[in-house]
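> next one to model:
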Amino acid sequence: MVKSDKYFQPLPPANSIQLNETDEGGLNVGQVGAALRRRGLLIAGVTSLVATGTVLKAEQDPYVYTGSLEILTKPVTAENQVVANVPQSLSSNEQVASPESTQEMETTIRVLQSPKVLNPVVESLQAKYPELDYETLTKNLAIGTASKKSTILKIQYTSLEQKQVRDVLKALANTYLNYSLEERQVDVKQAIKFVQARINEKGGLQEKVEAWQEQLRIFRQTNRLVDPQQKAQEVSTQIATLTQQNLDTRVQLEQMVSRYQQLQVELAQQPSERAGNSVLTENARYQKILDQIQEADIEIKKRSAIFRDDEPTMITLWERKDNLLPILQAEEQRVLRDFQSRIRELQAKDTSLGDKIKFLNRQLQELATDSRDYDRIQQQLKIANDNLTQFLVKRQALQIELSQKQQPWKLLNPTEIKAEAFTVEGLSASAKQNLILGIALGMLLGTGAALLVDKLSNVIYSTKDIKEATGLPLLGVVPFSKELTVKSKQSPGKALPLFFEVFRSFYTNILLLGSDTPIRSLVISSPGQGDGKSTVAIQLALAAAAMGQKVLLVDANLRFPTLHKRLGLMNIQGLTDVISQDLDWQNVIERSPQEDSLYVMTAGPVPPDSVRLLASYKMQDLMSDLQASYDLVIYDAPPHLGFADANLLAANTNGMVIVAGLGKLKRTEFQQALEELQVAGTPVLGVVANKSKDYAPASYSYYQQHYRQHMTAERVNDNVENERNISQRKSSVKK
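Take a look at the predicted model:
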């Protein structure tokens with residue numbers, strides 16, 4: 001077994017994880033600013049609460065009356081509501097969270113303020129209020145929402161007369177509710193027409209379902225199977241059964257050959273010496289003939305003392321013995337032929353079983369490819385069926401809604417409308433001064449609360465905190481971006497161009513650590529769940545493979561394996577099978593479809609005791625063989641806080657890389673993790689800061705643009721130089 005050279009980095013004492021809070025004794029302005037940015041919502045909330053309280057406490061004399069009402073609306077366009085409930089629609093992400101977008105609400109408000117809607121209100125009130133016209137009504141009317149995504153309309157009307165405020169709001173409430181009822185019928189009909197078209201149109205949902213069903217039928221008919229995974233399980237069971245039969249056959253063959261050799265030794269002896277032999281004693285016929293020969297010999301010895309050899313009785317005895325000896329020899333030859341025949345049968349059976357096992361192994365590999373195609377067709381068929389079902393349900397719901405007469409909009413305070421008891425508030429100019437003072441006091445209190453909450457959160461947020469906490473090399477900084485998380489799930493195992501330079505720099509730093517002896521294997525782990533260690537492992541493997549290295553990525557997380565899902569691979573056989581079933585490790589390794597130099601070993605079935613497998617001598621020998629066969633072996637291990645898996649793996653590699661998730665990892669957890677690594681003596685290469693919000697990947701874009709310009713200039717210069725050389729050669733040839 002080849003031992004890996006380990007790169008130990010000094011771990012800090014247990015009490016050094018305090019992140020340098022008391023080293024300088026002064027206020028760190030950068031950390032305070034970062035804390036305030038993180039708690040911006042808390043500061044805004046406290047400020048709003050205090051400012052509102054100061055305004056409410058202001059004593060004022062009412063001189064302008066304002067009344068308000070709130071109406072819960074539904075989308076003006078029912079088609080948009082239908083699309084919003086379909087997950088595959090382009091606007092589904094925004095529509096599900098808010099059934100009505102900001103633009104649609106603005107359109108609704110403009111319609112409610114239009115002369116078509118408000119003129120009937122003015123006409124119904126002009127007899128009581130002659131001065132009221134459309135311009136006056138719109139000037140004193142304010143329609144808005146509580147927030148950008150709110151579907152509640154807040155309607156306010158201001159007037160010098162309290163009774164006019166109540167009458168106008170009552171008329172507006174009745175008008176707006178009737179408007180929503182009239183508009184709903186038109187919109188529902190349009191929505192039904194839209195849904196019906198999406199179901200039955202050419203290339204619509206119905207045709208997509210039928211097309212994928214046809215592909216599934218052709219796949220099953222072509223491959224002559226119903227479920228590839230079930231077939232693969234049956235083939236695996238057959239392989240296991242035939243393997244056991246092959247082992248039993250070889251044991252029987254070895255026993256038969258041994259008995260045949262023993263029989264040959266026994267037959268080389270004299271007949272008189274064969275009576276106690278183990279092989280021949282099992283043959284009753286042979287023993288019977290041998291007993292008759294021995295009886296003849298005994299009788300000859302008895303009579304030879306009395307009679308001469310030419311006496312008739314003696315002659316008869318000698319003839320009897322001479323006749324039995326050929327029969328005995330013939331029986332010996334028959335026994336030998338019987339043993340030879342049985343040996344040939346066992347040899348033929350062993351060869352046949354071996355051929356069947358090889359054929360089934362090839363069939364199992366072919367089933368892995370068929371299973372991927374089958375899963376893709378099943379997934380697309382499920383998506384098409386779900387979309388069709390959703391549209392059918394939506395069509396039925398719209399048809400039911402079309403038959404109803406209930407108003408789609410709802411008044412949130414109907415009791416006050418019936419009683420004509422709107423809340424009327426007066427505003428004075430002194431409230432502005434109180435509002436300014438409340439905002440200032442609220443910002444001060446909010447800042448204090450933000451700093452206190454940030455202090456009590458006990459979370460590591462920056463790479464500076466990690467450097468001061470560990471003293472270990474910072475091998476890389478991965479920026480926080482939704483693109484890295486979303487695209488890693490949508491395109492599993494694919495290198496992201498925006499982050500490729502980050503991980504290539506990360507791998508270069510690892511190479512610099514092993515300047516004397518190259519680093520051939522490492523373990524990637526994290527203190528706890530959710531730090532992004534698996535994503536870092538995949539991207540590091542892709543970056544190293546793209547740089548020309550032959551890389552093997554091993555899913556060593558036997559407790560909860562996920563790499564096969566992220567990389568789009570099957571997990572029929574893997575690391576667990578290699579260790580527990582003595583499989584050849586080369587048969588379970590798969591090549592990544594995204595990178596030719598990247599190979600993957602999945603975890604396999606989840607074992608009952610992963611620590612026992614990882615601590616076995618077979619695992620140590622396997623890690624040694626893998627390190628000798630690849631330029632770089634990366635093990636994705638479980639979190640090392642509270643588990644021994646990562647420490648066991650790191651003991652047989654060049655070291656461990658710790659992934660720390662900024663903004664999530666608590667200081668106490670990080671401290672405990674470092675203490676466990678220090679006690680276990682685990683070799684540590686360094687730390688990777690993941691999800692850093694301080695890192696700006698724009699520098700990579702600048703580098704990439706500069707590099708392209710530089711290469712373009714070099715190509716132009718090379719072309720000019722080549723043309724110049726060609727011209728000179730032509731001139732010399734002419735001369």
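> only C-alpha atoms for contact and neighbour calcs from this point on.
Will do.
> residue ranges with poor pLDDT in the stretch 51-200 of the chain?
Low-confidence regions of the stretch 51-200 of the chain, defined by pLDDT under 70, span residues 51, 54-64, 74-101.
> do you have the strands of it handy? List them.
For the stretch 51-200 of the chain, the strands defined by DSSP state E, counting those that start in this stretch occupy 65-72, 141-145, 152-159.
> now the stretch 601-735 of the chain
Using DSSP E, counting those that start in this stretch, the strands of the stretch 601-735 of the chain run over residues 632-636, 656-661, 684-692.
> which of those strands is buried the deepest?
Mean neighbour counts were compared across those using mean count of other Cα atoms under 10 Å; the top stretch is strand 656-661, at a mean of 27.
> dump it to PDB, restricted to CA.
In PDB, the C-alpha atoms belonging to strand 656-661 read as follows (Å, rounded to 0.1, in the frame of the first residue of the first chain):
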ATOM      1  CA  MET A 656      -8.600  18.000   3.800                       C
ATOM      2  CA  VAL A 657     -10.000  21.200   2.300                       C
ATOM      3  CA  ILE A 658     -12.600  22.800   4.600                       C
ATOM      4  CA  VAL A 659     -15.500  24.600   2.900                       C
ATOM      5  CA  ALA A 660     -16.900  27.400   5.100                       C
ATOM      6  CA  GLY A 661     -20.300  28.900   4.100                       C
END
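> and it, what's its mean pLDDT?
On average, the pLDDT along strand 656-661 is 87.
> counting contacts, what elements does it pack onto?
With contacts defined as 3 or more Cα pairs under 8 Å, 6 or more residues apart in numbering; DSSP states H and E, the packing partners of strand 656-661 are strand 521-525, strand 684-692.
> output the ones you listed as CSV; include the columns distance to residue 249 and mean pLDDT.
Shown next, in CSV, are these (distance: least, Cα to Cα, whole Å; pLDDT from 0 to 100):
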stretch, distance to residue 249, mean pLDDT
strand 521-525, 41, 93
strand 684-692, 50, 84
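> distance to residue 193 added to these, as a markdown table?
Output for the helices and strands packed on strand 656-661, formatted as a markdown table (distance: least, Cα to Cα, whole Å):
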| stretch | distance to residue 193 |
| --- | --- |
| strand 521-525 | 55 |
| strand 684-692 | 47 |
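> and the helix or strand that contains residue 294, which residues are buried?
Secondary-structure assignment from DSSP states H and E places residue 294 in helix 284-304. Residues of helix 284-304 classed as buried by neighbour count (16 or more other Cα atoms under 10 Å): 286, 287, 289, 290, 293, 294, 296, 297, 300.
> so for this protein, which residue is the most central one in space?
By Cα atoms, centre = their mean, the mean C-alpha position of the chain lies nearest to residue 566, the distance being 4.2 Å.
> mean confidence for the helix or strand that contains that residue?
Using DSSP H and E, residue 566 falls within helix 563-567. When the per-residue pLDDT values of helix 563-567 are averaged, the result is 89.
> helices or strands up against it?
In terms of contacts (3+ Cα pairs under 8 Å, 6+ apart), helix 563-567 is not packed against any helix or strand.
> check which residues of that helix are buried.
Neighbour-count burial for helix 563-567 [16+ other Cα under 10 Å]: 563, 564, 566, 567.
> nearest spatial neighbour of the first one, skipping sequence neighbours?
Going back to what we said before, that points to residue 563. Excluding the flanking residues, the one nearest residue 563 by Cα to Cα, 6 or more residues apart in numbering is residue 555, at 6.1 Å.
> residue 652 versus the one you found, what's the distance?
With distances defined as Cα to Cα, to the nearest Å, the gap from residue 555 to residue 652 amounts to 16 Å.
> residue 552 looks like it's in a strand, true?
Yes: when classified by DSSP: H, G, I helix; E, B strand; the rest coil, residue 552 is found to be part of a strand.
> per-residue pLDDT, it?
On the pLDDT scale, residue 552 is placed at 95.
> got the contact list for it?
The contact partners of residue 552, taken as Cα atoms under 8 Å, 6 or more residues apart in numbering, are 541, 598, 599, 600, 601, 630, 632, 633, 634.
> quick revisit: make a markdown table from the buried residues of helix 284-304 and add distance to residue 373 and pLDDT to it.
Shown next, in a markdown table, are the buried residues of helix 284-304 (distance: Cα to Cα, whole Å; pLDDT from 0 to 100):
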| residue | distance to residue 373 | pLDDT |
| --- | --- | --- |
| 286 | 65 | 71 |
| 287 | 67 | 70 |
| 289 | 70 | 74 |
| 290 | 71 | 71 |
| 293 | 76 | 73 |
| 294 | 77 | 72 |
| 296 | 80 | 73 |
| 297 | 81 | 73 |
| 300 | 86 | 73 |
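> nearest to residue 325 among these?
residue 293 (7.5 Å; Cα to Cα).
> nearest residue to that closest one in space, please, no chain neighbours.
Nearest non-adjacent residue to residue 293, counting by Cα to Cα, 6+ apart: residue 321, 5.7 Å away.
> settle this for me: that neighbour is touching residue 298, isn't it.
No: shown here, residue 321 and residue 298 do not form a contact pair, counting by Cα atoms under 8 Å, at 10.9 Å.
> where does the stretch 501-650 of the chain dip in pLDDT?
Applying pLDDT under 70 to the stretch 501-650 of the chain flags the ranges 515.
> so who does residue 505 touch?
Listed by Cα under 8 Å, 6+ apart, the contact set of residue 505 reads residue 476.
> those helices in the stretch 451-600 of the chain, which residues are they?
With DSSP state H, counting those that start in this stretch, the ranges of helices along the stretch 451-600 of the chain come out as 463-470, 482-490, 497-513, 533-546, 563-567, 575-581.
> also the stretch 101-250 of the chain?
Per DSSP H, counting those that start in this stretch, the stretch 101-250 of the chain has helices spanning 102-112, 115-125, 134-140, 162-200, 205-223, 228-267. These are given in chain order.
> looking at these, which is nearest to residue 153?
helix 102-112 (8.4 Å).
> neighbours of residue 245, just the number please.
Residue 245 is flanked by 16 other residues according to other Cα atoms under 10 Å.
> what of residue 548?
12.
> shouldn't it be in contact with residue 598?
No: contact between residue 548 and residue 598 fails when scored by Cα under 8 Å: they sit 9.7 Å apart.
> run through the residues that contact the nearest residue to residue 611 once chain neighbours are set aside.
Residue nearest to residue 611 in three dimensions, not counting chain neighbours: residue 645, with 6.0 Å by Cα to Cα, 6+ apart. Shown in contact with residue 645 (Cα under 8 Å, 6+ apart): 610, 611, 614, 637, 638.
> outline the domain layout of the protein.
In the domain annotation for the chain, the residue ranges read 36-183+408-433, 228-386, 463-696, 701-735 (automatic domain parsing).
> quick check: which of these is buried the most?
Neighbour counts averaged per stretch over these are highest for domain 463-696, at a mean of 20; criterion: mean count of other Cα under 10 Å.
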